[in-house]
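*Asks:* Provided below are the primary sequence and the corresponding predicted coordinates.
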Amino acid sequence: MHNSEWSLILFTVLGQFSAGLTTGLLILHLSDFHKTGINLQQTLRKGIMIAAICMVVAMLASFFHLSAPLASVYALSNLKHSWLSREIVMVSIFTGLLAVTALRIWHPGREALKSPWLLLLVTVAGWLMIYTMARIYMLPTVPAWNTPHTLIRFFTSGFITGIGFLLIMPGLIQIKHQSFNNSPMLYIFAGIISASFLIRLAGTFLAGAPVPEENIAFVSQIPLTAILLPWTLWFTGSILLIWQVLKPAAQPTRSGNLKKLAFVLIILAAFIDRYFFYESFYRLGV
């Protein structure tokens, strides 16, 4: 794998994480949060700020992939035909909306967003951004990427990492008076993570990359153990997180540490899976 692709790994994983996190925040906003014991104002403020910071880091990382970063503006001239141009636009819109939302709810004396419409707009922009990310790689000349599984991998990565982080966020940033204990939101978020994992698993078998023909040269040879590694981390992290969400350990500190460990496994799986995604590249034709 080329050195420049490491920046793409960081860019895509952080971008999808940010979209998943804003989705979780939107779900909280739309729920009857007054009965959940959740401090919505602090959750929105800190969650939006984390998502915005991650997108800024992601955008900076993406520039390391370009040989001439200042020339990237010319890519916008081909919106009609280029998915790269559309991705640049959607990344800019998503980051800009995150910045506007952060400024709105962090303004001194400003209450949490009373209307969910701005957050809904941010979330929609985030998922459109992920869609354009995936479509860039769905090239007819690259069979390993030109499948619906590329879309599935990118979308489920956002749901699992973003929602997973939201579940451990209170323990990390010490949001006052926030508790997910005995909250119906626990079951909703656990259900989203479970469904994402199962969809990802089904997509691997039903919509995965075709087996390359024997006469194709320069096909990257990835050991089976290396392919299983991210799946082991996905499965272990997801099960551990859902288990501690539904039946937490008696000691809050131990439960919190197990949740953090689960998220570390999940985010590590996301990065390793993205590494093997780029490593699976091979091109047909000239």
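*Replies:* Received the coordinates, thanks.
*Asks:* Okay, now the unreliable bits of the protein?
*Replies:* Residues of the chain meeting the criterion pLDDT under 70: 1-4, 32-39, 65-78, 107-114, 171-183, 207-223, 225-226, 285-286.
*Asks:* all helices for it, in order.
*Replies:* Under the criterion DSSP state H, the chain contains helices at 4-30, 40-63, 83-106, 117-137, 148-173, 184-206, 224-246, 252-279.
*Asks:* Output those helices as TSV; include the columns mean neighbour count.
*Replies:* All C-beta atoms are positioned from the backbone trio N, CA, C, and that covers glycine. Formatted as TSV, those follow (neighbours: other C-beta atoms under 10 Å):
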stretch	mean neighbour count
helix 4-30	23
helix 40-63	20
helix 83-106	19
helix 117-137	20
helix 148-173	23
helix 184-206	16
helix 224-246	17
helix 252-279	18
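*Asks:* Surely Tyr275 is in contact with Ile9?
*Replies:* Yes. Tyr275 is within contact range of Ile9, at 6.0 Å (criterion: C-beta atoms under 8 Å).
*Asks:* Once you drop chain neighbours, what's closest to Met90?
*Replies:* In this structure, Met90 finds its nearest non-sequential neighbour in Met129, 4.0 Å apart by C-beta to C-beta, 6 or more residues apart in numbering.
*Asks:* wait, what's in contact with the one you found?
*Replies:* Taking C-beta atoms under 8 Å, 6 or more residues apart in numbering as the contact definition, Met129 lies against Gly15, Ala19, Glu87, Met90, Val91, Ile93, Phe94.
*Asks:* repeat that for 10 Å
*Replies:* Contacts for Met129 (C-beta atoms under 10 Å, 6 or more residues apart in numbering) come out as 15-16, 18-19, 55, 86-95, 154, 158.
*Asks:* what does Gly164 give?
*Replies:* So Gly164 contacts 17, 20-21, 24, 189, 192-193, 196, 237-238, 241-242, 245, 259, 262-263, 265-267, 270 (C-beta under 10 Å, 6+ apart).
*Asks:* any idea how far it is from Leu284?
*Replies:* Distance of Gly164 to Leu284, given as C-beta to C-beta, to the nearest Å: 37 Å.
*Asks:* now Met90
*Replies:* Counting by C-beta to C-beta, the gap from Met90 to Leu284 is 28 Å.
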